[in-house]
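K.L.:
Sequence plus predicted model, see below.
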Amino acid sequence: MRSKDKIAYFYDGDVGSVYFGPNHPMKPHRLCMTHHLVLSYDLHKKMEIYRPHKAYPSELAQFHSEDYVEFLHRIRPDTQNSFRTELARFNLGEDCPVFENLFEFCQIYTGGTIDAARRLNNQLCDVAINWAGGLHHAKKCEASGFCYINDLVLGILELLKHHARVLYIDIDVHHGDGVEEAFYFTDSGTHSTGRVMTVSFHKFGDLFFPGTGDVKEIGEREGKFYAINVPLKDGIDDTSFTRLFKTIISKVIEIYQPSAIVLQCGADSLAGDRLGCFNLSIDGHAECVKFVKKFNLPLLVTGGGGYTKENVARCWTVETGVLLDTELPNKIPQNEYLEYFAPDYSLKIPSRLIENFNSKSYLSTIKVQVMENLRHIQHAPSVQMQEVGTLLSIFSKSSVQYKSLLVWFHPTFISPTLTKMSRTQMNECISIHKTRKSRGMMSTTTETMTTITRLDHEAHSDGIQ
Ligand SMILES: [Zn+2]
């Protein structure tokens with residue numbers, strides 16, 4: 001039976017053939033294993049499969065600094081010794097090594113997330129999956145924690161062209177610091193309050209990487225209260241995790257009212273991960289995906305961490321099934337990588353018998369603090385939606401481009417009391433928009449600029465005063 005939702009799935013086999021190095025825990029080969037397991041369960045017959053485009057350097061520079069992108073493009077393993085200063089500056093080396101085809105690897109996983117966002121924007125699918133994406137630690141000007149380009153930030157910026165508010169949820173065992181940082185102060189690239197909210201569930205304490213993600217980190221300036229952190233201790237199990245996840249996420253969605261969701265499904269939060277310290281079973285992990293899907297909002301799903309690769313493949317296959325409303329038999333069918341799933345060849349892995357250091361009182365304290373912070377944004381979204389409505393009624397046009405443009409402008413330039421946009425005001429919008437773009441302050445694509453030019457032209461011919 002085909003799911004009633006339309007699912008787009010992005011995969012390029014080339015992404016799984018790069019090699020970080022013999023002692024490096026990141027094994028992109030896990031992506032090939034996942035894909036073959038997905039195929040062995042015939043899940044490809046229930047969704048649309050796409051090979052993503054390779055993101056252009058100019059697309060990567062919508063968030064990252066141009067010199068960083070240019071360096072990633074240029075650096076090769078055999079020439080890196082001549083660039084020690086730059087390597088140090090961009091944090092390339094041990095955790096984030098320079099390997100063969102590094103830039104192409106970045107282009108593919110990022111292209112997948114951007115393509116996924118575009119298909120969602122154009123309403124060509126309800127859910128878009130890119131297991132190769134989810135590299136949440138990458139920063140604007142540097143690599144971090146095995147991540148080079150932050151495809152999630154770029155995917156969110158893409159979604160913001162058509163969506164008023166995007167919710168980012170992260171269940172990797174590590175804090176989603178790169179995505180949080182991008183929107184922490186001023187809502188990176190959006191220049192308005194509250195268009196992105198980030199929520200990260202992760203291990204915090206004992207100097208665990210990356211060291212950030214305390215419950216007290218809530219965003220600053222225009223970003224205040226739009227970053228939510230749920231710091232957890234070792235050994236958290238399915239019951240505690242899913243209960244907390246559901247309570248917080250339902251409240252966030254009720255209050256924030258996102259129009260699209262990005263879900264980072266790092267599989268290093270599973271029991272038995274080589275780097276992780278949580279105790280989630282695959283069912284527990286997948287329960288979070290199932291819960292988010294139930295809200296029926298445009299959903300972009302990515303991978304992330306995950307260092308026991310046979311379990312990563314199991315987890316993301318089960319979650320592909322969840323997104324397709326398809327239960328999968330526990331016995332793994334014949335496939336190219338079957339031997340990796342020995343000795344029992346079963347799809348599900350259980351939790352382990354380890355201690356859960358998250359006491360009920362600790363979890364309750366965290367929950368109360370998060371809920372308290374959420375109270376501060378209680379009424380913000382409804383005002384914004386009213387503004388969008390007012391603007392749409394001014395133009396009496398409902399084309400995707402118009403909506404997109406209005407979402408871009410709103411609410412930076414337009415006051416909620418505005419009843420008619422005058423020719424002068426429109427000119428002002430256009431010139432501010434162009435100036436911001438020329439200063440690199442806003443991620444404006446060629447497409448949006450074309451729309452602005454057309455709008456400008458139409459405004460002349462429509463005789464808007
Ligand atoms: Zn991780």
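P.N.:
That came through, no problem.

K.L.:
Three-state assignment for the residue in the stretch 51-200 of the chain that the ion sits nearest to, please.
P.N.:
Here the stretch 51-200 of the chain gets closest to the ion at one residue, His174, 3.5 Å apart by Cβ to the ion. Where C-beta positions appear, they are placed from N, C-alpha and C, glycine not excepted. For His174, the assignment made with DSSP: H, G, I helix; E, B strand; the rest coil gives coil.

K.L.:
Contacts only, for it.
P.N.:
By Cβ atoms under 8 Å, 6 or more residues apart in numbering, the residues touching His174 are 136-137, 145, 202-203, 208-210, 266, 268, 305.

K.L.:
Please indicate which of these are buried?
P.N.:
Restricting the contacts of His174 to buried positions leaves 136-137, 145, 202-203, 208-209, 266, 268, 305, with burial counted as 16 or more other Cβ atoms under 10 Å.

K.L.:
Dump stretch 112-124 to CSV, keeping only the CA atoms.
P.N.:
In CSV, the C-alpha atoms belonging to stretch 112-124 read as follows (Å, rounded to 0.1, in the frame of the first residue of the first chain):
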residue,chain,number,x,y,z
GLY,A,112,20.3,16.9,-1.3
THR,A,113,19.1,19.0,1.6
ILE,A,114,18.6,22.1,-0.7
ASP,A,115,16.7,20.0,-3.3
ALA,A,116,14.6,18.5,-0.5
ALA,A,117,13.6,22.0,0.7
ARG,A,118,12.8,23.1,-2.8
ARG,A,119,10.5,20.2,-3.5
LEU,A,120,8.7,20.9,-0.2
ASN,A,121,8.5,24.7,-1.1
ASN,A,122,6.9,23.8,-4.4
GLN,A,123,4.5,21.4,-2.8
LEU,A,124,5.8,18.6,-4.9
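
K.L.:
Ile377 is in contact with Phe225, isn't it?
P.N.:
Yes: using Cβ atoms under 8 Å, Ile377 makes contact with Phe225 at a distance of 5.1 Å.

K.L.:
sec struct for Val199, please.
P.N.:
Classified using three-state DSSP, Val199 is strand.

K.L.:
Okay, and the beta partners of it?
P.N.:
As for beta bridges, Val199 partners with Ile169, Ile228 under DSSP bridges.

K.L.:
Return the residues of this protein in contact with the ion.
P.N.:
Contact residues, the chain versus the ion (Cβ under 5 Å from the ion): 172, 174, 266, 268, 305.

K.L.:
which residues touch the fourth one?
P.N.:
Put plainly, it is Asp268. By Cβ under 8 Å, 6+ apart, the residues touching Asp268 are 172-174, 274-276, 304-307.

K.L.:
Among these, the buried ones, what's the ChimeraX command?
P.N.:
Buried residues among those (16+ other Cβ under 10 Å), as a ChimeraX selection:
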select :172,173,174,275,276,304,305,306,307
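
K.L.:
in what helix or strand does the most centrally placed residue in the chain lie?
P.N.:
The centroid of the chain falls nearest to Leu152 when counting by Cα atoms, centre = their mean (3.5 Å). Per DSSP states H and E, Leu152 falls inside helix 151-159.

K.L.:
pLDDT at Ile349, what is it?
P.N.:
We have a pLDDT of 87 for Ile349.

K.L.:
SS state for His202?
P.N.:
With three-state DSSP as the basis, His202 sits in strand.

K.L.:
so who does it touch?
P.N.:
For His202, the contact set (Cβ under 8 Å, 6+ apart) comprises 170, 172-176, 213, 229-232, 269.

K.L.:
now it, nearest residue through space, not along the chain?
P.N.:
Counting by Cβ to Cβ, 6 or more residues apart in numbering, His202 lies nearest to His175, which is 4.4 Å off, once chain neighbours are set aside.

K.L.:
Test my guess that that neighbour contacts Pro210.
P.N.:
Yes: the criterion here is Cβ under 8 Å, and His175 meets it with Pro210 at 5.8 Å.

K.L.:
before we move on, back to that, could you list which of the buried ones among the contacts of His174 belong to helices?
P.N.:
Nothing among those maps onto helices, per DSSP state H.

K.L.:
Where does the prediction get shaky in the chain?
P.N.:
Across the chain, residues meeting the criterion (pLDDT under 70) sit at 1-3, 186-193, 378-465.

K.L.:
90 instead, please
P.N.:
The model of the chain has pLDDT under 90 over residues 1-5, 16, 164, 185-194, 221-223, 349-353, 377-465.

K.L.:
By proximity to the ion, which residue of it wins?
P.N.:
Gly305 (2.5 Å).

K.L.:
Check whether that residue really touches Asp172, as I assumed.
P.N.:
Yes: if you go by Cβ under 8 Å, Gly305 and Asp172 touch, sitting 4.9 Å apart.

K.L.:
List the residues that are in contact with both of those two.
P.N.:
By Cβ under 8 Å, 6+ apart, Gly305 and Asp172 have these common neighbours: 134, 266, 268.

K.L.:
Give me the nearest residue to the second one, chain neighbours excluded.
P.N.:
What that stands for is Gly266. Asp172 (2.4 Å).

K.L.:
residue contacts, that neighbour?
P.N.:
134, 136, 200, 202, 264-266, 268-269, 304-305 are the contacts of Asp172 under Cβ under 8 Å, 6+ apart.

K.L.:
which strands and helices sit next to the helix or strand containing Phe71?
P.N.:
Taking DSSP H and E as the definition, one finds Phe71 inside helix 66-74. Applying 3 or more Cβ pairs under 8 Å, 6 or more residues apart in numbering; DSSP states H and E, one finds that helix 66-74 contacts helix 57-60, helix 102-121.

K.L.:
Off-centre distance for the first one?
P.N.:
Read that as helix 57-60. 17 Å (Cα atoms, centre = their mean, to the nearest Å).

K.L.:
Next, the buried residues of that helix.
P.N.:
Using 16+ other Cβ under 10 Å as the burial criterion, the residues of helix 57-60 that qualify are 59-60.

K.L.:
Stretch 158-169 now?
P.N.:
158-169.

K.L.:
Could you tell me the end-to-end distance of that stretch?
P.N.:
17 Å (Cα to Cα, to the nearest Å).
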